[in-house]
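Enquirer: all I have is the shape, not the residue letters:
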Ligand SMILES: [Zn+2]
């Protein structure tokens, strides 16, 4: 599958390259992208004829940011689910709203959410998906230019969930498989599929077991939510007589290519149950604070060789600021409170959104650092402004993580295509990602009664 390219060669000229490569090199120079791949980086690259130039003198060039957990289908719901802990947040607001989605409203939400992600420098998301409207989300990802791992959300049980979200496990998993086969590898390989059972309280044993079987058949990853709040784990223990980790082990889920959001309450006993199996984690600090879920122990998680830890803004109604730069800052600040200043460096926070994020979405051979052979996914930051002024000797990582926000983003490039330029999305019509979502949420709200 190929997409027509607007240019074969793109040269980002004369910037500071913050490579996030194995040596964490920071070097002055150029970066050449040809046919969507980084082919060279360093000083004085001579561009081939008809190269598109981005003049980056005085700017910082980084690998595009990776968000290991988002909900594009919730982008329309910002501000509609305030001041509630996790289970009430889901039951009273998010589930009824998600249940009212159609492919059309999901497309509008997906495009709005993707625009939001791109504008903060995000080039890759691991998208959790929807029960209804998933085709619309996939189409929005394709049209937005984002790189994504995505799959249909699976649910078949759970207190307080609307019947429209509770599907027959056989049919739900079958539909998830059909969507996977249709979309995996689409958009020139920018889109990858996944299977997404929501969390233990939403899914019967049957869904988990069918998911594990299908995941093995397709070679697909499994993406879910795990150990987000204490109340959630208590509810699982009350219902099943066992914790989430033990339940997932018993159903074979831990043996899949498993990616989980949160893991706030993953500690020694859960690690023992995991038994050294690999696990990919998306840290979502804003959502964990807003829903009062807790603060994950990042140094502890990152010290485990079998864990890969990335970062994500989760959803617009639990953040509500989908700025991945803000998310990195928050991750670092919270560890300062938890473990003391210096327990988690700005470089570590940047790793969450770049090279470690790539591992957390299983795509580290292609994204996460600026290296020849990797995809041309790049964000260019302008820090030469009062709010990001840097004294001589100040670390570039500290400047980016602690001071920069989305307004520093000058360009965002995905697969060699320019997707953001000075706060604009040159390939999209604002009607599509602003006016259409405003209509879609009005239409959706007319069909739903919120408690
Ligand atoms: Zn989530």
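Expert: On my side now, so go ahead. Owing to the predicted nature of the structure, the values given are computational and were not obtained by experimental measurement.
Enquirer: make it CA atoms for all contacts and neighbour counts henceforth
Expert: OK.
Enquirer: right, and residue 383 touches residue 391 too?
Expert: No - using C-alpha atoms under 8 Å, residue 383 is not in contact with residue 391; the gap is 11.7 Å.
Enquirer: between these two, which is the more surrounded one?
Expert: Here residue 383 and residue 391 are compared on neighbour count by other C-alpha atoms under 10 Å; more neighbours surround residue 383, at 23 against 8.
Enquirer: now do the residue nearest to the more buried one when sequence neighbours are not counted against residue 197, distance only.
Expert: Counting by C-alpha to C-alpha, 6 or more residues apart in numbering, residue 408 is the residue found nearest to residue 383 once chain neighbours are left out, at 6.2 Å. Here the distance between residue 408 and residue 197 works out to 36 Å (C-alpha to C-alpha, to the nearest Å).
Enquirer: also residue 42?
Expert: As judged by C-alpha to C-alpha, residue 42 and residue 197 stand 44 Å apart.
Enquirer: ok, these two, which is more surrounded?
Expert: Looking at residue 42 and residue 197 with other C-alpha under 10 Å, you find the greater number of neighbours at residue 197, namely 28 against 16.
Enquirer: returning to that earlier point: what's the burial count for the residue nearest to residue 383?
Expert: Applying other C-alpha under 10 Å, we find 25 other residues in the vicinity of residue 408.
Enquirer: who are the contact partners of residue 283?
Expert: Residue 283 is in contact with 261, 262, 263, 264, 296, 309, 310, 311, 312, counting by C-alpha atoms under 8 Å, 6 or more residues apart in numbering.
Enquirer: now with 10 Å?
Expert: Listed by C-alpha atoms under 10 Å, 6 or more residues apart in numbering, the contact set of residue 283 reads 67-69, 260-264, 295-298, 309-314, 327-328, 331, 352, 357.
Enquirer: and it, bridged to which residues?
Expert: Beta-bridge pairing for residue 283 (DSSP bridges): residue 311.
Enquirer: from residue 357, how far out is it?
Expert: 10 Å.
Enquirer: from the rest of the structure, what touches the helix-or-strand element of the chain with minimal mean pLDDT?
Expert: When the helices and strands of the chain are compared on mean pLDDT, DSSP states H and E, helix 430 comes out lowest with a mean of 90. Applying C-alpha under 10 Å, 6+ apart, the contact partners of helix 430 are 112, 115, 424, 436.
Enquirer: thought residue 110 was touching residue 150?
Expert: No - using C-alpha atoms under 10 Å as the test, residue 110 is too far from residue 150 to be in contact (11.6 Å).
Enquirer: overlap in contacts of the two?
Expert: Shared contacts of residue 110 and residue 150, defined by C-alpha under 10 Å, 6+ apart, comprise 71, 127, 129, 134, 137, 138, 141.
Enquirer: can you give me the neighbour number for the residue lying closest to the first one once chain neighbours are set aside?
Expert: Excluding the flanking residues, the one nearest residue 71 by C-alpha to C-alpha, 6+ apart is residue 315, at 4.9 Å. Applying other C-alpha under 10 Å, we find 26 residues neighbouring residue 315.
Enquirer: which residue would you name as the spatial centre of this protein?
Expert: To find the centre residue of the chain, average its C-alpha atoms and take the closest one (C-alpha atoms, centre = their mean): that gives residue 67, at 2.7 Å.
Enquirer: before we move on, back to that, who touches both of residue 283 and residue 357?
Expert: Counting by C-alpha under 10 Å, 6+ apart, the residues touching both residue 283 and residue 357 are 67, 68, 69, 309, 310, 311, 312.
Enquirer: which residues of the stretch 251-400 of the chain fall in helices?
Expert: With helices called from DSSP state H, counting those that start in this stretch, the stretch 251-400 of the chain shows them at 268-274, 285-290, 298-302, 324-339, 346-353, 355-360, 396-398.
Enquirer: no more questions from me, cheers.
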